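Enquirer: Please find the sequence and the predicted model below.
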Amino acid sequence: MVTLPETWDVEARDYKTNMINLIFPNHSSSIYIYALPISDIKDFKNLDDLVVRSQKDKVLLYSRAGLDIRLQESSSLYIDNHEARRILYSIEEHPPLKKAYHLEYKCQYNEYIYSFIFDGNYDDLETDQLTIKDIIDSFKLLNKQENKHGITNIFTVDFPEDWTVKSFRNLLTSGVSPNELPKVTITFFPMIQESLDEYIDRVRRKEKESIQLEDSQNLYIDYREARLLIYSGYNSNGVKSYYINCLVYGDQNVYYIWSTGNYDNLANDRKFFDEIIASIKILK
């Protein structure tokens, strides 16, 4: 998981190859992030050996393209408490730039090599370094068993591994169990000028007669006060269902989490719901 500036443009994203490419607002610099399985790296020994091989391959590749690339610096550091390497190159006469920088960070964790590649105008390197440092410092290496999702800079959530997770236009994220129910959805909207209890009271006044309030609870989500309402009713197929609504205020947004499933499974499904909301991290 990594936090990126809101003003950046996403040029490309490919979840199957664990890749994301973003463009700085000034369009003179970019960042390319990807995770490569170690099993896909031929004759892999260790991180240092990989860096040395990468340096040789990069100089050869750029030289063949007629570009003058030079190694400026190679150093060690830690990313999320794991050993990493930082490699800085300069490239002379790199159209449309007179001189460009190519900066790489590489970190090994579990079965992957994580790479951050920054390219930009060499004259902007000192300024870009401030943003680059913030990005690297924000990077969190997730355990293999974690299934982190969410919306960048808004919230993160951890669904069970075997659930199908979908996001819609950076507006909501839904997790669906293998049996299609239960389903848990998280969305958000801008902060309103009401207290949490006032908002809940307004929601209660709009309740449909076809559903019945079974329970209401006060709880905490990511150390913030939240309210939970559990309703029962019958779905379009005449099956008795439960509907869980949960609201929590962030600093800038109101977060709305809801779930539905068969009423007979409420006790068991509630365990999944509680684990999911306990994993939520509110970022705004």
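Expert: Received the coordinates, thanks.

Enquirer: Can you pull out the low-pLDDT segments for the protein?
Expert: 1-29, 140-148, 150-152, 169 (pLDDT under 70).

Enquirer: ranges for the strands of the stretch 51-200 of the chain?
Expert: Read by DSSP state E, counting those that start in this stretch, the stretch 51-200 of the chain holds these strands, from start to end of the chain: 68-79, 82-94, 97-109, 112-121, 148-151, 155-158, 164-168, 172-176, 183-190.

Enquirer: What is the burial count for residue 190?
Expert: Applying other Cβ atoms under 10 Å, we find 7 residues neighbouring residue 190. C-betas here are computed from N, CA, C, even on glycine.

Enquirer: that older thread, let me have the strands of the stretch 51-200 of the chain in TSV, extended by distance to residue 272.
Expert: Shown next, in TSV, are the strands of the stretch 51-200 of the chain (distance: least, Cβ to Cβ, whole Å):
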stretch	distance to residue 272
strand 68-79	32
strand 82-94	31
strand 97-109	28
strand 112-121	28
strand 148-151	15
strand 155-158	11
strand 164-168	13
strand 172-176	9
strand 183-190	7
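
Enquirer: Deepest in the core, which of the ones you listed is it.
Expert: Mean neighbour count, computed with mean count of other Cβ atoms under 10 Å, is highest for strand 155-158 among the strands of the stretch 51-200 of the chain, reaching a mean of 22.

Enquirer: Now for residue 203: which residues touch it?
Expert: Residues in contact with residue 203 (Cβ atoms under 8 Å, 6 or more residues apart in numbering) are 229, 245, 247.

Enquirer: if we can go back for a sec, show me the one of the strands of the stretch 51-200 of the chain that comes nearest residue 281.
Expert: In terms of Cβ to Cβ, the element of those nearest to residue 281 is strand 155-158, at 4.6 Å.

Enquirer: Could you list every helix and strand that the closest one packs against?
Expert: In terms of contacts (3 or more Cβ pairs under 8 Å, 6 or more residues apart in numbering; DSSP states H and E), strand 155-158 is packed against strand 148-151, strand 183-190, helix 266-279, strand 281-282.

Enquirer: could those go into TSV alongside distance to residue 135?
Expert: Rendered in TSV, the data for these read as follows (distance: least, Cβ to Cβ, whole Å):
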stretch	distance to residue 135
strand 148-151	17
strand 183-190	23
helix 266-279	23
strand 281-282	18
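
Enquirer: Determine which of the ones you listed approaches residue 114 most closely.
Expert: Among those, the nearest to residue 114 by Cβ to Cβ is strand 148-151 (14.3 Å).

Enquirer: Taking strand 97-109 as reference, get the angle to the helix ranked longest in the chain.
Expert: Counting residues, the longest helix in the chain under DSSP state H turns out to be helix 47-64. Compare the direction of helix 47-64 with that of strand 97-109 by axes from the mean of the first three to the mean of the last three Cα atoms, to 10 degrees and you get 160 degrees.
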